[in-house]
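Q: quick one, fold the following:
(2 chains)
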Protein chains: 2
Amino acid sequence: MQTIRVETPSAKYDVITGSGLLETLAARIERAAGRLPRRVFVLTSPEIWALWGETFCSSFVRSRIEPPIALFLPQGEQHKTMKNVERLTREMIRAGGDRGSFLIAFGGGIVGDVGGFVAAIFMRGIPYVQAPTTFLSQVDSSVGGKVGVNLPEGKNLVGNFLQPRAVFADIGVLGTLPDRELRAGLMESVKAGIIRDRGLVRFMEEHADAILNREPKALERVIVASIRMKADVVRRDEREGGLRMILNFGHTVGHALEQATRYKAMLHGEAVAWGMVAALAVARRRNTITGAQMERMEKLIYRYGPLPALKVSAARVLAATGSDKKNVGGVRRFVLPIGIGDAGVVEDVTATELDAAVKYMLERARTTGTKGLRD
Amino acid sequence: MQTIRVETPSAKYDVITGSGLLETLAARIERAAGRLPRRVFVLTSPEIWALWGETFCSSFVRSRIEPPIALFLPQGEQHKTMKNVERLTREMIRAGGDRGSFLIAFGGGIVGDVGGFVAAIFMRGIPYVQAPTTFLSQVDSSVGGKVGVNLPEGKNLVGNFLQPRAVFADIGVLGTLPDRELRAGLMESVKAGIIRDRGLVRFMEEHADAILNREPKALERVIVASIRMKADVVRRDEREGGLRMILNFGHTVGHALEQATRYKAMLHGEAVAWGMVAALAVARRRNTITGAQMERMEKLIYRYGPLPALKVSAARVLAATGSDKKNVGGVRRFVLPIGIGDAGVVEDVTATELDAAVKYMLERARTTGTKGLRD
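A: Numbering: from 1, shown residues only, chains lettered A, B, ... in the order given. Model prediction:
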């Protein structure tokens, strides 16, 4: 078990990773809450609840906290809506929720984002913790306090910054994670390595089999390094004024891909993986990485594939990049790696560069790493 | 023109009151924003826009800021919904809004609450200013950073705390305010006086005619005193941990009245006025005010009436108090005046006390100050 301290201007909290955390959750929540919460809600997905609900509830039986009231969000990006936020807040009111309530987001990234947003606005804000159940949400979305939902016009266009009181990333829960989701999640660790942790890149190159076989030690090493990287960035720049933008490496084109395919064709991590390939192409053209570095990073990305084929035209992807949230004042922001383990943000990527990068990505999608998906 | 400084742990800003503020708004917003906002939105009601839109826009013609894009919210509490928040954020996206955008809430309390909430969650938060156009919103809701919307289950159940960059309370705009709304708004000033400003109570007793005739000097005196009181309370307790609760004097029963009549029968200030009468009855019973003090405060409330008749049963009002947001863990919070100019919060009001107070209020509503409404 390892504890990573996250410190931001607005909050300080611990991210705890390891096995068997669920079994001791109630006591941990009581500690994180600072006092006995009056009513505890758990937002989860029906699938996770079926697999892990009993384990989740077990620790509350022996605790002073009353058993959590379960609220459900169906799986899938299409449910990350204002409509569901309204429904959930109404259910909480009807179940007796008030300002003294407490929320646990127990699921993947969508549950975490929606749960955090519900906590941020219910009664103008109640405390919450994240209990992420996917690799992706453990290393990425559960840390940092970005919460929110999508609009039909784009992803995460509405939300808040609200840090959780704690994050409990139970590695044991990953045992039931489908292989494809694990691989997609690992792309965020690949990202973490490329932009800020050369050692993580090397570890993921050298221990790919152990990681993909879910050997606990190897997984924990990757999770802890990824969270540390993110915690460090969030500590320096909570509200994405500058540094935090580097976390969006692969996201400009990644989001565009998700939008162009209506969030149905691929997982977030898979879209980011292709987005990283596109960003590498821009970086190569600008000489912030060498040809050898590019090859090495691409190889790492494909190692954690296979990635889905891209049945979308370059024009469609390019059009979709225009509405990315990271663009301020019409400027197309792009995170480019500088060698391996460092990255910077540029705002002057031209339409020509972007066009070339997207075409490179689509070409690679035709030829590499997309030989059907395992699940 | 007077400037009142509001300082909270999360923000510092000025509330500026006086005449002719609208005519110089653009320059003031540029100053408050700290930099040139990339796209400016103004949320307003069709009625206010028809009356004051031209004046509002005039200052932007001469400014470096592009003309604001108008967004509309129909008048009435029933439009203070999540649905409208979603619609507005979508309109902003489609009009090219991004993280560099800026919002002006130009209207009454509902526009201010919804506009502030939209600003709080659009792209996870953009800066905004309040330009309140009703007496009520000038003295109350525009200051303090409480923003949000209603759920079918109750008022203001979803929202955020987000302080505006500035508040511009133009007294000239009050010229077109219907008399009934002015009177309802003045109830918040009566409240301010009763809970924290004996001098304001005296001034409102002695200058009722001048105030109701909208003599600018008298109005400004009342507005400034009311804002100062609120700013002082918010400074000491931004997130309503303790002191700020006294601002809810009259609101426990007031909200219940609004809810029991589905927010249609009366204005917020009118409901609060009746709620204050009920709270006075509890206070009298507990001897925190004398009979003479009670009479004096009731007289002041009715002086700024007439108040609407209450066509609702005691049982219905009592039931509605149960779901008030100010109740935490089932405790019924109540603000009780202590003499004139001071107040405290109690949590142990019994069902019997509340029942007696509501019946007293309904009895007064049958006999006093409800002889039809002027408009």
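Q: got the residues of the stretch 101-250 of chain A near chain B?
A: A:120-125, A:146, A:148, A:151-154, A:156-161 (Cβ under 8 Å from any Cβ of the partner chain). No exception for glycine: its C-beta is placed from N, CA and C like everyone else's.
Q: buried subset of those?
A: A:120-125, A:146, A:148, A:151, A:154, A:156-161 (16 or more other Cβ atoms under 10 Å in any protein chain shown).
Q: tell me the least confident of the residues you listed?
A: Lowest in pLDDT among those is residue A:154, which has 87.
Q: go ahead and confirm that one touches residue B:94.
A: No: if you go by Cβ atoms under 8 Å, residue A:154 and residue B:94 don't touch, sitting 10.5 Å apart.
Q: for stretch A:35-44, buried residues please.
A: Buried positions in stretch A:35-44, judged by neighbour count with 16+ other Cβ under 10 Å: A:37, A:38, A:39, A:40, A:41, A:42, A:43, A:44.
Q: quick check on the closest residue to the second one other than its chain neighbours: phi, psi?
A: To tie it back to what came earlier, the one meant is residue A:38. Nearest in space to residue A:38, with sequence neighbours left out and distances taken as Cβ to Cβ, 6 or more residues apart in numbering or on different chains, is residue A:100 at 3.8 Å. Phi and psi for residue A:100, reported as degrees, to the nearest 10, are phi -90, psi 10.
Q: how close does residue A:100 get to residue A:167?
A: 22 Å (Cβ to Cβ, to the nearest Å).
Q: restricted to strands, list the residues of the stretch 101-250 of chain A next to chain B.
A: Judged by DSSP state E, these include A:146, A:148, A:151, A:154, A:156, A:157, A:158, A:159, A:160, A:161 as members of strands.
Q: from those residues, pick the one nearest residue B:348.
A: Nearest to residue B:348, judged by Cβ to Cβ, of these is residue A:160 at 34.9 Å.
Q: next, the contact list for that closest one, please.
A: A:116, A:117, A:120, A:121, A:147, A:148, B:120, B:121, B:124, B:125, B:160 (Cβ atoms under 8 Å, 6 or more residues apart in numbering or on different chains).
Q: shouldn't the first one be in contact with residue A:145?
A: In other words, residue A:116. Yes: between residue A:116 and residue A:145 a contact is recorded at 7.4 Å, counting by Cβ under 8 Å.
Q: which one of these two has more residues nearby?
A: Each of residue A:116 and residue A:145 has its neighbours counted (other Cβ atoms under 10 Å in any protein chain shown); residue A:116 has more, 29 against 23.
Q: now do that one against residue A:4, distance only.
A: Using Cβ to Cβ, we find residue A:116 at a distance of 18 Å from residue A:4.
Q: give me every residue that touches residue A:79.
A: A:73, A:110, A:114.
Q: out of these, which are buried?
A: Here, 16+ other Cβ under 10 Å leaves A:73, A:110, A:114 buried among the contacts of residue A:79.
Q: between the residues you listed, which is nearest chain B?
A: Chain B lies nearest to residue A:114 out of the buried ones among the contacts of residue A:79, by Cβ to the nearest Cβ, at 13.0 Å.
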